[in-house]
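Trainee: Everything below, folded, please.
(one chain, ligands or ions: 2)
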Amino acid sequence: MALHLLSLADFSGEDLAAYIDRAIVLKKEAAAGLRHDSLAGKTLGMIFEKPSTRTRVSFEAAMYGLGGQVIYLSGRDTQLARNEPLKDMARVMSRYVDGLVVRTFGQEVVEELAAYATIPVINALTDLHHPCQVLSDIMTVIEKRGPIQELVIAWVGDGNNMANSWIQAAARLGFELVLACPADYDPDAAILAAAQAEARRPISLVRDPREAVARADVINTDVWASMGQEAEEAERREVFAPFQVNDELLAQAPADAIVLHCLPAHRGDEITAAVIEGPRSVVFDQAENKLHIHKAILERHLATG
Ligand code: CP
Ligand code: NVA
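Mentor: Ligands and ions are numbered 1, 2, ... in the order given. This is a model prediction of the structure:
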């Protein structure tokens, strides 16, 4: 049976750590000039119904870097745009390619594709989760600050797809996570409750961003309006203003706390230019690590798929 990657909750802590360990090795080997061909002869299909810079390019570069090839399809260029059933798309694509990377709106889309595909389906962002991103973010945290189980991670801003995936990662990997979100912009309640029920370290939700960063080793933020929420931008800008990651907020955090943002960033909204360009920001190393983690993911899911 194909091994899908739809959310981080589908995997044990050991599984999640294994992607990161492998990505760190692949990164070192690539830097040393080693060439990989573990996916030679394999083809990856990519269906994106939302825009992407990093995820698309890093998955494509990862696949080519492992000796494979890629077919990219923008959602609007397929018959999905004319309501072809997902279950047909899944079965047809399974006859052509060895794996599917999908970026879409509803989590139920990747779930239905996975239910009918005989090839691995990998979630490259839905409204509910961004699992591959959080794996590369954790890789970055480990590189910069050591074992994540000993750290306190803060999430400041929207309780969105990224926040949900961070919550699932915290439960599985056993690190402390403090989320500060405005009322009415909480993470998914069922995901939070399930994670809190199994967590070895606290996963807490607060309303004051200063409380979230007070003990933080890592401060994370993300856009205030995610893809698909463009109509809410003005309203969200008002609600989220007190949640901006700026020098004033960083002054409330330990002096060695690092700042992550999965990008794209809106300077002057969720993060100031001074912070994202400043010495605590690791956002470009974070972006690079998407390439290495995507190699580790493709290797695991497609080599055996
Ligand atoms: N972080 C991230 O997923 O970026 P893209 O939307 O550019 O893929
Ligand atoms: N939460 C953001 C992440 C972008 C990579 C969005 O869904 O648009």
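Trainee: Just checking stretch 160-179 against ligand 1, any contact.
Mentor: No. Stretch 160-179 does not reach ligand 1 (C-beta under 6 Å from any ligand atom); its nearest approach is 8.5 Å. All C-beta spots, glycine's among them, are computed from the backbone N, C-alpha and C.
Trainee: Can you mark which positions in that stretch are buried?
Mentor: By 16 or more other C-beta atoms under 10 Å, the buried positions in stretch 160-179 come out as 160-173, 175-179.
Trainee: And for stretch 22-32?
Mentor: Using 16+ other C-beta under 10 Å as the test for burial, stretch 22-32 gives Arg22, Ala23, Ile24, Leu26, Lys27.
Trainee: For the first one, give me its contacts.
Mentor: Applying C-beta atoms under 8 Å, 6 or more residues apart in numbering, one finds that Arg22 lies in contact with Ala296, Glu299, Arg300.
Trainee: what's the answer for the last one, then?
Mentor: Contacts of Lys27 were listed using C-beta under 8 Å, 6+ apart, and they are Asn289, His292.
Trainee: I'd like the contacts of Arg22 as TSV, with secondary structure appended.
Mentor: Formatted as TSV, the contacts of Arg22 follow (DSSP: H, G, I helix; E, B strand; the rest coil):
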residue	secondary structure
Ala296	helix
Glu299	helix
Arg300	helix
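Trainee: Report all helices and strands that the helix or strand Met93 falls within contacts.
Mentor: Taking DSSP states H and E as the definition, Met93 sits inside helix 86-96. With contacts defined as 3 or more C-beta pairs under 8 Å, 6 or more residues apart in numbering; DSSP states H and E, the packing partners of helix 86-96 are strand 43-48, helix 107-116.
Trainee: before we move on, back to that, for the contacts of Arg22, which single residue is the most surrounded?
Mentor: Neighbour counts for these (other C-beta atoms under 10 Å) peak at Ala296, which has 25 neighbours.
Trainee: Need the per-residue pLDDT for that residue.
Mentor: What the model reports for Ala296 is a pLDDT of 98.
Trainee: now swap in the one 4 residues further on and tell me
Mentor: If you check Arg300, the pLDDT there is 97.
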